[in-house]
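# Can you look at this prediction? I've put the sequence above it.
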Amino acid sequence: MRVELKLDPTLKDPHAVLYASARTPEIEALIKQLESAGEAATFTAYRDNQVIMLPLQDILLFQTDGKGVVCQTEKGTYTVKQRIYELEESLRSAKFVRVSNGELINLNRVTSLDLSITGTIRITLANGAATAYASRRYVKKLKEAVGL
C-alpha cells in the first residue's frame, strides 16, 4: 500500500481520502480505524457534585435542559459543561449526529427509525431506553448519516 501525506496549514482537522479498486474487508477495517483515531474513549460528566468518566459508547444522546446540556445513558442523566454546538464538533468522528437544535444522538445506539411521521423521524435508542425526534431542518442530515 502506498501512503502519501500532504500538509495544509489551513485545515482545522485532518482529512483522509482512500483510493481503492474495490471495497474489501481490509479497506473497511482501515476506514473504521481512521474514523476512530483521535476519539476520546471516555467523556467527562457530572452528577451530584461528582465528576464521572462515562464511556462514549454508553451515551445515548445529549440534549439541552433549561440553561445547560445533559447527556443520557441507560443508567441515568448527567450534566455536561459543553454546549451542543461544541459537542457536535468534537464528537463528529465518534458517530454523534445533531437531529435538532437541542439534541445530539449516538448513531451507534440507534435501534430503529420511524419514518411514518410526515416531515420528521422518530429515533429509538438502545431498545427503547430513549427516543428523539429529528426536526425538519435536520432530517436530511440524519438520512445521510445513516445511509438512507
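Perfect, I can see it now.
# okay, CA-based contacts and neighbour counts for the rest of this
Noted.
# Disregarding residues adjacent in the polypeptide, which is nearest to residue 131?
residue 124 (4.6 Å; CA to CA, 6 or more residues apart in numbering).
# Using just helix, strand and coil, how would you label the one you found?
strand (DSSP: H, G, I helix; E, B strand; the rest coil).
# if I pick it, what's in contact with it?
110, 111, 112, 113, 130, 131, 132 (CA atoms under 8 Å, 6 or more residues apart in numbering).
# ChimeraX command for the buried members of those?
To isolate the buried ones among the contacts of residue 124 in ChimeraX, judged by 16 or more other CA atoms under 10 Å, type:
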select :110,113,130,131,132
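# now, which of the contacts of residue 124 sits nearest residue 4?
residue 110 (35.6 Å; CA to CA).
# and the closest one, how far is that from residue 127?
8 Å (CA to CA, to the nearest Å).
# sec struct for residue 20, please.
Secondary structure of residue 20, per three-state DSSP, is coil.
# Could you give the number of residues near it?
9 (other CA atoms under 10 Å).
# could you list every residue that touches it?
By CA under 8 Å, 6+ apart, the neighbours of residue 20 are residue 27.
# who's the residue positioned nearest the centre of the chain bridged to?
The centroid of the chain falls nearest to residue 96 when counting by CA atoms, centre = their mean (0.7 Å). Note on residue 96: beta-bridge partners residue 106, judged by DSSP bridges.
# can you pull the contacts of it?
88, 104, 105, 106, 107.
# at 6 Å what do you get?
Counting by CA atoms under 6 Å, 6 or more residues apart in numbering, residue 96 touches 105, 106, 107.
# quick one: which of those residues is nearest residue 1?
residue 107 (31.0 Å).
# Many thanks, have a good one.
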